[in-house]
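# requesting a structural model of the entry that follows:
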Amino acid sequence: MISTTAIVEKKQVASVDEYGAPIVRRLAKIGDIQEKDRTELQLQLAQKGKITDKASLSQRGVQTLKALSASDFAIESVTLYGKLGKLADYSKDDEEGFIWGELLEDNGNAWRVRFARTELKKVQRLFTEQVVISGDANYFKTKSPRLDAKSVDADKDRNYVAGFNRFRRNYRTIFGDRDPQEILKEIRG
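You can find the predicted model right below:
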């Protein structure tokens, strides 16, 4: 934590590794509090009464964190599948703002999801359900990725056997009665 804080303070952050990312995210929250309270974070590590390492987070470090908090890159038209959870409303009034949620993918990745206020009823119905969400993705150095949802629906259970049989029926003229393993070997080379 001390070394990550020192790197941020010296404006030497080119990228954040998997260990530093959670620290930088929390430092960004601390930076917001510091600006409001006009304080400065001081960290020290002492062993047997002697200070062995220290760092501080000044206004310069807070500005570095703000630069890191901007969207790193964006991808349009992304579709994600997972469980919808943690709905929240951070807006100051009822007319504007968004409804925020979290999507937990089956692989464990967590996404922040921003829904239009007009989708509130639909999103509430789907809360804690398996969903499919489409929208534009934004990636950040100091935050979890965000999906600006354009559509959200319940994720339907899939019948893979029926899908394979339908595929086989539709492409019988191309593949004939060939063994699926033989077709896969041919495709893979």
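# list the contacts of Val90.
Residue 90: Tyr, not Val. With contacts defined as CB atoms under 8 Å, 6 or more residues apart in numbering, the neighbours of Tyr90 are Gly97, Phe98, Trp100. No exception for glycine: its C-beta is placed from N, CA and C like everyone else's.
# now do the helices in this protein.
2-9, 20-37, 59-69, 120-126, 160-170, 172-175, 180-188 (DSSP state H).
# just checking, what's the longest strand in this protein?
Ranked by residue count and defined by DSSP state E, the top strand of the chain is strand 71-89.
# about what we covered before: CSV for the helices of the chain, including distance to Gln44, mean neighbour count and mean pLDDT?
CSV is the format used below for those (distance: least, CB to CB, whole Å; neighbours: other CB atoms under 10 Å; pLDDT from 0 to 100):
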stretch, distance to Gln44, mean neighbour count, mean pLDDT
helix 2-9, 8, 19, 79
helix 20-37, 16, 16, 81
helix 59-69, 16, 17, 81
helix 120-126, 45, 14, 93
helix 160-170, 58, 10, 81
helix 172-175, 69, 10, 82
helix 180-188, 58, 9, 78
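# can you tell which of the ones you listed is closest to Thr52?
Thr52 sits nearest to helix 2-9 of all these, at 9.4 Å, using CB to CB.
# just checking, what packs against the closest one?
helix 20-37, strand 41-47, strand 50-57, helix 59-69 (3 or more CB pairs under 8 Å, 6 or more residues apart in numbering; DSSP states H and E).
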